[in-house]
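Asker: Sequence first, predicted model second:
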Amino acid sequence: MKERHFSTYVLAILFCAVVAGIIAYPVEAVKAASEGLLLWFNVVCPALLPFFICIEVLIGLGIVSFLGAALRPLMAPAFNLPGEAAFCFIMSISSGYPVGSKITAKLREEAICTKREGQRMLSLCSTSGPLFIIGAVAAGLLNNAAIGLLLAFSHYLSAIAVGLCFRFLDQEKRSAPRSANRSPLADMLAYRKKDGRTIGILLGDAVRNSVNLILLIGGFIIFFAVITRIMKLTGLLDLLSGLILWIIPLPGIQVHTVSAFLIGLLEVTNGIKECAALQLPLAAQIMMVSFMIGFGGLSVNAQVLSIVAVTDLSFGIYFLGKLLQGFFASAFAYLLYSFTYCTQVFKVFSGESTAPAVDIGLYSTGWLSIFRHSFFYLILALLLLLLLNLPYRSIAKRHRPTF
């Protein structure tokens, strides 16, 4: 009870401080909110909304059950997860935050996975998308697309590493495992019959739930953009950075380096933008950016918290997994950079980056372009799932018992 009261006091003080900052700097707060709104409207909304709608429909049609039965031999030994986790993982790496968390929460609500499986799935299937890493980060913020593949590979390898670590988390035996000889089509039709909604109701629910979720994500993006700006204006960011360096003295690390890292812990995009202007060795900059993308920032983690709040999944375990993924991503980025020579990405002269200023709402060629790329990645992910299904279908036919 005392811990709950303490957290209430702390949250009350923090939000009062945010309100005071908005009142003290109204113009800058509105400008930060506008930038967050542009980022949501021009990038996040067209990239994620079609995925959210299609995911709701695919789950209702039983496609997830079909793929779960087909890919169970792949996911069970590797990650101690049901086959449905393959759908969740591929959707996550093809579209980005917080699609994997959304699918995991939906599967848990539908009782397709157990609580422990859902917890492991949540840790594995929480990744950024290639459109953001290669397009927004490498080509946009860092002004060099050559670094994109390195960042993407290190990010997805870190997610797989976390999944392999969490496969031993709170292991359990499934009480009633489904027959290995049961057809995936039978699982699909059984789930569709259990769902029972007509296609009209299914589409209506999908659009309604997806729009609500995308609006929620937009609110978090705007809110954290304002918080970041207020912390910079009030000097609180520099104060925290100096305090960290006083507690943990790091040779060669300056206050503005820690400030950039703290901004990345709050919101990934602004953190990477600040990191791009730092005068640090290229390897160190790549490791910082990889950690930020792997961790996701408090903005993304707050979105996940709101999504899993309706389930019995633990956000604390998920948060520890994201910290671990950040460290894994940094390590993989350093290893890949060590074995692969990369061109200079951060060209800094006189403490300033030569890269042109990037409007955080205008990464790509336009709203429709991102919408088109989003659908392309969706189709590509579905084709990949079908290709993965082919060898297991052939093996199942070859070993199917005859009566």
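Answerer: Arrived safely.
Asker: Buried residues of the strand or helix carrying residue 15, list them for me.
Answerer: Using DSSP states H and E, the secondary-structure element containing residue 15 is helix 2-24. Using 16 or more other C-beta atoms under 10 Å as the burial criterion, the residues of helix 2-24 that qualify are 18, 21-22. Glycine gets a C-beta too; all of them are placed from N, C-alpha and C.
Asker: and if you look at stretch 326-340?
Answerer: Under the neighbour-count criterion of 16+ other C-beta under 10 Å, stretch 326-340 has 326-334, 336-337 buried.
Asker: Please apply the same query to stretch 240-259.
Answerer: By neighbour count on 16+ other C-beta under 10 Å, the buried set for stretch 240-259 is 241, 244, 253, 256-259.
Asker: neighbouring contacts of it?
Answerer: The contact list for stretch 240-259, computed with C-beta atoms under 8 Å, 6 or more residues apart in numbering, reads 237-238, 262, 274, 278, 280.
Asker: what does stretch 206-216 give?
Answerer: The set of residues that contact stretch 206-216 without belonging to it, under C-beta under 8 Å, 6+ apart, is 44-45, 48-49, 52-54, 56-57, 60, 102, 303, 306-307.
Asker: Nearest to residue 130 among those?
Answerer: Distance from residue 130 was checked for each of those by C-beta to C-beta. The minimum falls on residue 48, at 13.6 Å.
Asker: measure that closest one to residue 8 for me?
Answerer: Relative to residue 8, residue 48 is positioned 33 Å away (C-beta to C-beta, to the nearest Å).
Asker: just residue 238 next, same as before
Answerer: According to C-beta to C-beta, residue 238 and residue 8 sit 29 Å apart.
Asker: Find the residue closest to the residue nearest the centre of the chain in space, skipping its chain neighbours.
Answerer: The residue at the geometric middle of the chain, judged as the C-alpha nearest the mean C-alpha position with C-alpha atoms, centre = their mean, is residue 97 (2.9 Å). When the adjacent residues along the chain are set aside, residue 97 lies closest to residue 300, with 4.7 Å between them (C-beta to C-beta, 6 or more residues apart in numbering).
Asker: Repeat that for residue 145.
Answerer: If the residues on either side of it in the chain are set aside, residue 145 comes closest to residue 139, at 4.2 Å by C-beta to C-beta, 6+ apart.
Asker: next one: residue 295
Answerer: Spatially, and ignoring its direct neighbours in sequence, residue 295 is nearest to residue 326 (3.7 Å; C-beta to C-beta, 6+ apart).
Asker: pretty sure that neighbour belongs to a helix, no?
Answerer: Yes. Assignment of residue 326 by DSSP: H, G, I helix; E, B strand; the rest coil places it within a helix.
Asker: ok, it - contacts?
Answerer: With contacts defined as C-beta under 8 Å, 6+ apart, the neighbours of residue 326 are 158, 290-292, 294-295.
Asker: avg pLDDT for the helix or strand just after the helix holding residue 15?
Answerer: Heading C-terminal from helix 2-24, the first helix or strand you meet, by DSSP H and E, is helix 26-39. Confidence for helix 26-39, expressed as mean pLDDT, is 91.
Asker: Residue numbering should commence at 29 henceforth.
Answerer: Sounds good: first residue 29 from here, last item helix 54-67.
Asker: from the middle of its chain, how far away would helix 54-67 be?
Answerer: 23 Å (C-alpha atoms, centre = their mean, to the nearest Å).
Asker: Tell me the helix or strand right after it.
Answerer: Where DSSP H and E defines the elements, the next helix or strand beyond helix 54-67 is helix 73-89.
Asker: That next one packs against which elements?
Answerer: Packing partners of helix 73-89 (3 or more C-beta pairs under 8 Å, 6 or more residues apart in numbering; DSSP states H and E): helix 112-123, helix 127-137, helix 212-223, helix 227-262, helix 395-426.
Asker: low-confidence ranges in the stretch 329-431 of the chain?
Answerer: For the stretch 329-431 of the chain, applying pLDDT under 70 flags the ranges 369-431.
Asker: go again using 90 as the cut-off
Answerer: Per-residue confidence for the stretch 329-431 of the chain (pLDDT under 90) gives these ranges: 338, 364-431.
Asker: on that earlier part again, could you say what helices and strands the helix holding residue 43 packs with?
Answerer: Where contact means 3+ C-beta pairs under 8 Å, 6+ apart, helix 30-52 is packed against helix 227-262.
Asker: Now the helix it packs on: average pLDDT?
Answerer: Looking at helix 227-262 alone, the average pLDDT works out to 89.
Asker: tell me the angle of it relative to helix 127-137?
Answerer: With axes from the mean of the first three to the mean of the last three C-alpha atoms, to 10 degrees applied, the angle from helix 227-262 to helix 127-137 works out at 130 degrees.
Asker: Could you measure from residue 250 over to residue 186?
Answerer: When distance is defined by C-beta to C-beta, residue 250 is 28 Å away from residue 186.
Asker: Comparing the two, which shows the higher neighbour count?
Answerer: Neighbour count, other C-beta atoms under 10 Å: between residue 250 and residue 186, residue 186 has more, with 26 against 20.
Asker: The more buried one: what secondary structure?
Answerer: For residue 186, the assignment made with three-state DSSP gives helix.
Asker: ok, it - contacts?
Answerer: Applying C-beta under 8 Å, 6+ apart, we find residue 186 in contact with 318, 322, 353-354, 356-357, 359-360.
Asker: I'd like these laid out as TSV, including distance to residue 153.
Answerer: Rendered in TSV, the data for the contacts of residue 186 read as follows (distance: C-beta to C-beta, whole Å):
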residue	distance to residue 153
318	19
322	14
353	11
354	16
356	15
357	15
359	21
360	18
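Asker: Which members of the contacts of residue 354 occur in helices, if any?
Answerer: Those of those mapping onto helices are 186, 318-320, 322-323, per DSSP state H.
Asker: Buried members of these into ChimeraX, please.
Answerer: Of the ones in helices among the contacts of residue 354, the buried ones can be selected in ChimeraX as follows, counting by 16+ other C-beta under 10 Å:
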select :186,318,319,320,322,323
